[in-house]
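> need coordinates for the below:
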Amino acid sequence: MSLSRFIASHIYTDKNAEQNRISRPAIRIALLGIIIGTAVMILSIAVIMGFKRQITEKITGFGSHLQVLSLTRDQNNQIMPILTNDSLKSVIMQNRQVAHVQPYVQIMGMIKTDDDFLGMQFKGIDEDYDTTFLHVNLVEGYIPHFSSKEASNKIVLSKYITNKLKLSINDKIYAYYISQSGMRARRFEIVGIYQSNLSEYDKSIVITDIYTLRKIQGWDKEQSTAYEIQIKDFNQLQIVTDQLVDKINHNFDRNGCTYGVFNIKEIAPNIFSWLGVLDMNVIIILVLMLLVSIVTIMSGLLIIMLEQVSMIGLLKALGATNGAIRKIFARFAFNLIFKGVVIGNIVAFIVAAVQYYTHIIKLDAETYYIDSVPIEFHWQYFIIIDITTLLITFAVVFCSTHLVSINKPADTLHFE
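Model prediction:
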């Protein structure tokens, strides 16, 4: 064992030493500051990443990652439907990042009961539609096998709508639509109730079959409101958007309808702007917690150095260089920092695991769109936080150890 390591490890082995009456509590506080700082940084990353993932999944569950929409209006100033045929689909599927393509029809309508009514956006889907999101958020009933070839006369509503209109599973309701031929009505059976906690969508989206809505609009089997596109890697969203824009935008079908490609960040900009603000909040938290760790460990180290002035003088009198003495205190500080980071990780992972499996900490779903604090484990980010904390904290503390060089042996040997 080297001399610096030996002295560093035995500076405070005597817990009853009178000289430790000040420094020992200060070191405990410094250690606690590092533990809290590390734990808060890791938990902040885990919570924010989990929050962004869940909100993104909810939004893309309703609107997918990208959509091919119509940019053309008819003589009545209504947006024209696009042709969702194999020709357009083959162009989209040529992109290697595209995982799935699905058409839908969406029209305005109204649900009426004997006592109340609500305006709705009716979304018609077919047998090729990926209903994973609906199944995940289903709270009662089932998701029927919707078809593009026949009417199902079934409907899936949100829990908000059923509570608002005092409806339940198996109830029969009438839906009213305004089409070019006038007012149209359809009778549906409620077979499923979902709850996404995204109030903007829960208050307005009703799911039924695409066949019924096409008939109401007088469209043929290839006409739809849009094509929804799911991609394999959400991080590639902008790249895929640019690629599809180059191939599809400003092309038009045989009905004269011009295509336009839009990603979910363009379709729902407010929510993604809000999620972007969370990134800045995380940066602020990380900086503040890192400063807390630095300040607490520096305070503790300076107290140690003050209480060990006599030892510093003695070592200098025996021929120790300033660099050797600085190495003693740097080694002691690094051991303390490392211990704090390790314990901080353990505390953070225990808290995160408890929340991940039990959802014990709840949130107001009306405000945050989810009903409990989410946790997402990104080990690469945790490792980066640990390494950054160790390096920055130790670098600052090591620089502060230069104070040992200003002490003169003759003065420090008599210091009390």
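> look through the protein and tell me its longest helix.
Counting by DSSP state H, the longest helix found in the chain is helix 23-63.
> hmm, who's touching the helix or strand following that one?
The element immediately downstream of helix 23-63 (helix or strand, assigned by DSSP states H and E) is strand 66-70. Here strand 66-70 makes contact (C-beta atoms under 8 Å, 6 or more residues apart in numbering) with 79-82, 88, 92, 225-229, 231, 237, 240-241, 244, 248, 257-264, 267. Backbone N, C-alpha and C define where each C-beta goes, glycine included.
> of those, buried ones?
Buried by 16 or more other C-beta atoms under 10 Å: 80-82, 88, 92, 225-229, 231, 237, 240-241, 244, 248, 257-264, 267, out of these.
> just the ones of these in helices?
Those of these mapping onto helices are L88, I92, L237, V240, T241, L244, I248, I264, I267, per DSSP H.
> nearest to D364 among the residues you listed?
Among these, I264 lies closest to D364 (C-beta to C-beta), at 24.5 Å.
> pretty sure that closest one contacts G61?
No - with contacts counted by C-beta atoms under 8 Å, I264 stays clear of G61, the gap being 10.2 Å.
> with adjacent residues omitted, what lies nearest to L244?
Ranked by C-beta to C-beta, 6 or more residues apart in numbering and with sequence neighbours excluded, the top spatial neighbour of L244 is V261, at 4.6 Å.
> neighbours around K221, how many?
By the criterion of other C-beta atoms under 10 Å, K221 has 13 neighbours.
> how about the secondary structure of it?
Secondary structure, DSSP: H, G, I helix; E, B strand; the rest coil: K221 is coil.
> now the closest residue to it other than its chain neighbours: which helix or strand?
Once flanking residues are discounted, K221 sits nearest to S148: 6.5 Å by C-beta to C-beta, 6+ apart. For S148, there is no host helix or strand (DSSP H and E).
> contacting residues for S148?
Per C-beta under 8 Å, 6+ apart, neighbours of S148: D126, E127, D209, I210, Y211, R214, K221.
> sort out for me which of the residues you listed are in helices.
I210, Y211, R214.
> neighbour count, distance to A353 and pLDDT for these - can I get that in a markdown table?
Listed next are the ones in helices among the contacts of S148 as a markdown table, based on neighbours: other C-beta atoms under 10 Å; distance: C-beta to C-beta, whole Å; pLDDT from 0 to 100:
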| residue | neighbour count | distance to A353 | pLDDT |
| --- | --- | --- | --- |
| I210 | 29 | 43 | 93 |
| Y211 | 19 | 47 | 93 |
| R214 | 23 | 49 | 91 |
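> what sits against the closest residue to D220 other than its chain neighbours?
In this structure, D220 finds its nearest non-sequential neighbour in R214, 7.4 Å apart by C-beta to C-beta, 6+ apart. R214 makes contact with V105, G124, S148, D220, K221, Q223, S224 under the criterion C-beta under 8 Å, 6+ apart.
> buried residues in stretch 130-148?
Quick answer for stretch 130-148 (16+ other C-beta under 10 Å): D130, T131, F133, L134, N137, L138, G141, I143, P144, F146, S148.
> now do stretch 357-365
Going by neighbour count (16+ other C-beta under 10 Å), the buried part of stretch 357-365 is L363, A365.
> which outside residues touch that stretch?
For stretch 357-365, using C-beta under 8 Å, 6+ apart, the contacting residues are N197, V354, Q355, I370, D371, S372, V373.
> closest one of these to I42?
Distances from I42 to the contacts of stretch 357-365, taken by C-beta to C-beta, are shortest for Q355, at 12.6 Å.
> mind checking which helix or strand the closest one is in?
Going by DSSP H and E, Q355 is part of helix 322-358.
> tell me the angle that helix makes with helix 23-63.
Put simply, helix 322-358 runs at 40 degrees to helix 23-63, going by axes from the mean of the first three to the mean of the last three C-alpha atoms, to 10 degrees.
> for stretch 111-123, measure first residue to last.
Length of stretch 111-123, first residue to last, C-alpha to C-alpha, to the nearest Å: 13 Å.
> picking up where we left off before, so what does the longest helix of the chain touch, helix or strand wise?
Here helix 23-63 touches helix 132-136, helix 264-267, helix 269-307, helix 322-358, helix 379-400, going by 3 or more C-beta pairs under 8 Å, 6 or more residues apart in numbering; DSSP states H and E.
> in CSV, list those helices along with mean pLDDT and distance to A39.
As requested, those are exported to CSV (pLDDT from 0 to 100; distance: least, C-beta to C-beta, whole Å):
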stretch, mean pLDDT, distance to A39
helix 132-136, 92, 31
helix 264-267, 91, 32
helix 269-307, 80, 9
helix 322-358, 84, 4
helix 379-400, 83, 10
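> could you dump those helices into JSON lines and include distance to R24?
Formatted as JSON lines, those follow (distance: least, C-beta to C-beta, whole Å):
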{"stretch": "helix 132-136", "distance to R24": "53"}
{"stretch": "helix 264-267", "distance to R24": "54"}
{"stretch": "helix 269-307", "distance to R24": "9"}
{"stretch": "helix 322-358", "distance to R24": "12"}
{"stretch": "helix 379-400", "distance to R24": "18"}
